[in-house]
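>>> Take this sequence and fold it.
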Amino acid sequence: MTKTLEKPTSLTSHAYKAVRDMVLAGEIEPGSKIKIDELRERLSFGASPIREALSLLSSEGLVERFEQRGFRAARVSVADFESLLQTRCWAEERALRESIACGDAAWEERIVLAEYRLANTKRSPELAGNGQTWESLHQDFHKALISSCPSAYLLQFCDQLYDLNVRYRNIASLAAYPSRNVSNEHKSIAEATLNRDVEEAVELLVAHYKRTGGYLIKRLSKLAE
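From the prediction side, this is the model:
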């Protein structure tokens, strides 16, 4: 039987996901040159899919082009994170307002289920009983909150900002928050959203992001010393 060759677009997609995961996890050090030959050996992909994947990642702000041909992992800094945090607060505030205005019963169910699953999963890289990690459930929860926003462009932008924020958390190794109950924060945000209390929901969501941001800025500042 003749083996069916995988389409180039599929190879690029797989290479994109693999390299993207490495950048988000901080496995590729921020600001470091990305060596295509090393990625070829590690990931078992050809040079072309990897270059195409890096070009896609450059449009997402995870990779930077330099010296015309080369690529490096996007650099990080306290100033850049502060800008990212502020932009994320602006974008998700608008998305949450629109989502509350347009949300239906199915949207409410998504929020209830996402918050329940997240609250009942320990924060660890291990899979929970439903086959997801805490991080993936955390993303599901925040996406559920704004999922009824009618602007696909805004939702896509919010997804991009979420990933950039996760990268910063991973680089700073931020996994614990002293004197803070994150589960209660999520629960309060969900309740205000479901009650259609727009101002309360927005205030709680922004405070939630800024509280995490405060911890992260402290860690980044220490790393820069």
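>>> now the residue sitting nearest the centre point of the chain, nearest residue through space, not along the chain?
By Cα atoms, centre = their mean, the chain has its centre lying nearest to Asp163, at 2.2 Å. Leaving out its chain neighbours, the residue that sits closest to Asp163 by Cβ to Cβ, 6 or more residues apart in numbering is Leu24, at 6.2 Å. From N, CA and C alone the C-beta is placed, and that goes for glycine too.
>>> Repeat that for Arg75.
Gly31 (4.2 Å).
>>> follow-up on the earlier one: report the backbone C-alpha coordinates of the helix or strand the residue nearest to Asp163 falls within in CSV.
Assigned by DSSP states H and E, Leu24 belongs to helix 8-25. C-alpha atoms of helix 8-25 as CSV (Å, rounded to 0.1, in the frame of the first residue of the first chain):
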residue,chain,number,x,y,z
PRO,A,8,2.7,20.7,3.8
THR,A,9,0.0,22.8,5.4
SER,A,10,-0.5,20.0,8.0
LEU,A,11,3.3,19.8,8.7
THR,A,12,3.4,23.6,9.2
SER,A,13,0.4,23.3,11.6
HIS,A,14,2.2,20.6,13.7
ALA,A,15,5.5,22.5,13.6
TYR,A,16,3.6,25.7,14.6
LYS,A,17,2.0,24.1,17.6
ALA,A,18,5.2,22.4,18.8
VAL,A,19,7.3,25.6,18.6
ARG,A,20,4.5,27.7,20.0
ASP,A,21,4.3,25.4,23.1
MET,A,22,8.0,25.7,23.6
VAL,A,23,7.9,29.5,23.5
LEU,A,24,4.9,29.7,25.8
ALA,A,25,6.5,27.4,28.3
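>>> For that helix, name the packing helices and strands.
Helix 8-25 makes packing contacts with helix 36-43, helix 47-59, helix 152-171 when contacts are defined by 3 or more Cβ pairs under 8 Å, 6 or more residues apart in numbering; DSSP states H and E.
>>> okay, and for the chain, where does confidence drop off?
Within the chain, the ranges that satisfy pLDDT under 70 run 1-9, 67-68, 125-131, 174-178, 223-225.
>>> Try it again at 50.
1-8 (pLDDT under 50).
>>> Please name every helix or strand in contact with the lengthiest helix in it.
The longest helix of the chain (DSSP state H) is helix 198-224. The helices and strands touching helix 198-224, judged by 3+ Cβ pairs under 8 Å, 6+ apart, are helix 78-102, helix 152-171, helix 182-194.
>>> Also compute the angle for the last one relative to helix 78-102, please.
An angle of 40 degrees separates the directions of helix 182-194 and helix 78-102 when computed by axes from the mean of the first three to the mean of the last three Cα atoms, to 10 degrees.
>>> and what of the second one?
Our comparison of helix 152-171 with helix 78-102, counting by the same axes, to 10 degrees, yields an angle of 140 degrees.
>>> Mind listing what's buried along helix 152-171?
154-155, 157-158, 160-171 (16 or more other Cβ atoms under 10 Å).
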